[in-house]
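**Student:** sequence plus predicted model, see below.
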Amino acid sequence: MHRIGPQTQTPKSAVPEKRLGLRACLILMLGAGLICVTALSAQAPGAKPAKTQAKEAAPADFVGAETCATCHEEVSKGFATNPHSKLAEMHGKTGITCEGCHGAGREHVEGGGDITKIFNPSKATAQEVDAKCMGCHQGKHANFDRSAHAEGKVSCISCHDIHNSKEESLLKAPQPTLCYQCHTEIKSQFSMPFHHKVNEGLVQCSDCHDPHGTFERKSLKSAAQQDLVCVKCHTETGGPFVYEHAAIKTEGCTACHFPHGGPNPRLLNRANVNTICLQCHSPSTNFTSFTPTGPAHSQAAQYQACTICHTAIHGSNVSNVFFNPN
């Protein structure tokens, strides 16, 4: 018989002891972390207290628009026709009043008109003003935070005069005068020989752009290729077509046209129609677009333009080369 030698066994208590050691370390680390957090959060002697969120005003803190009118008669006198006052009447005079925008006025009145006790938009930052206005207008202008105006710190009261405006939407000035105050480079384009009739009042900036922001570039009210904002008026170019012009779907209307104004008829961005066509339809080793060939397609200046034959250039339902369907 073979004798089985003595075997060395690991004590049963070894694994539990290691686990207890790990637990102890974790408890010590957690306790040290709590001590550090407590020490950091404690204010040093003489330190200014952290700015706390403004408490919600109690009903007794509101004094009513009639009290405001005793000092601000010049403002309240013409406020009856203001859209905000109409909202107040709709809610039984508990809706949008002076204190709906400026905050509860009791401390302001008791302080003898202390301006630090009331919200004054003219003294506030653009972000504070926008937050106050968006408290009610967030649903209609949900994209304002991503707009170029918000990013440029152009606040609501930069364009709107809440108390004294006689213009639509409480604007400080009518369109396009208001827009030209900042967009001076665009103003000159509407003075070109051929332009959209903005200065004449037939078209407004806001017909194509939403000043409160959209998901598109330049706050356009359309798809990225700008087709939708254009075909809203130019319906004959909108399609859908059986044969679509690829340039319109890939680059949009501005591949061939100036959007505001230019020196050429039909707002074309080239003086010669053939030059526009040859931007794509020209011999190139890197481009496979159909190239006009033969003597009938001479591109010399004295010959007729491409659109004499290819009249349905925006799209066609009968010809894949956009010939005149008639």
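**Tutor:** The structure has been received and is ready for your questions.
**Student:** mind checking the SS state of F241?
**Tutor:** Reducing the assignment at F241 to three states with DSSP: H, G, I helix; E, B strand; the rest coil gives coil.
**Student:** ok, it to L178 distance?
**Tutor:** As judged by CB to CB, to the nearest Å, F241 and L178 stand 38 Å apart. Quick note: C-beta positions are derived from backbone N, CA and C, even for glycine.
**Student:** swap in V129?
**Tutor:** For V129 relative to L178 (CB to CB), the value is 17 Å.
**Student:** tell me which of those two has more neighbours.
**Tutor:** V129 (21 against 18; other CB atoms under 10 Å).
**Student:** burial of N82, as a residue count?
**Tutor:** Residues contacting N82 under the criterion other CB under 10 Å number 18.
**Student:** show me the contacts for it.
**Tutor:** For N82, the residues meeting the contact criterion (CB atoms under 8 Å, 6 or more residues apart in numbering) are I162, H163, L170.
**Student:** thought G261 was touching F190, still the case?
**Tutor:** Yes. Counting by CB atoms under 8 Å, F190 does reach G261; the two are 5.1 Å apart.
**Student:** joint contacts of the two?
**Tutor:** Between them, F190 and G261 share these contacting residues under CB under 8 Å, 6+ apart: H196.
**Student:** what strand or helix carries V129?
**Tutor:** V129 is located in helix 126-137, with elements delineated by DSSP states H and E.
**Student:** which helices and strands sit right next to that helix?
**Tutor:** helix 156-159 (3 or more CB pairs under 8 Å, 6 or more residues apart in numbering; DSSP states H and E).
**Student:** hey, C-alpha coordinates of the helix it packs on in PDB?
**Tutor:** Taking C-alpha atoms only, helix 156-159 is exported to PDB below (Å, rounded to 0.1, in the frame of the first residue of the first chain):
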ATOM      1  CA  CYS A 156     -34.400  90.100 -27.200                       C
ATOM      2  CA  ILE A 157     -34.500  93.800 -26.300                       C
ATOM      3  CA  SER A 158     -31.900  94.500 -29.000                       C
ATOM      4  CA  CYS A 159     -34.600  94.100 -31.600                       C
END
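**Student:** no more questions from me, cheers.
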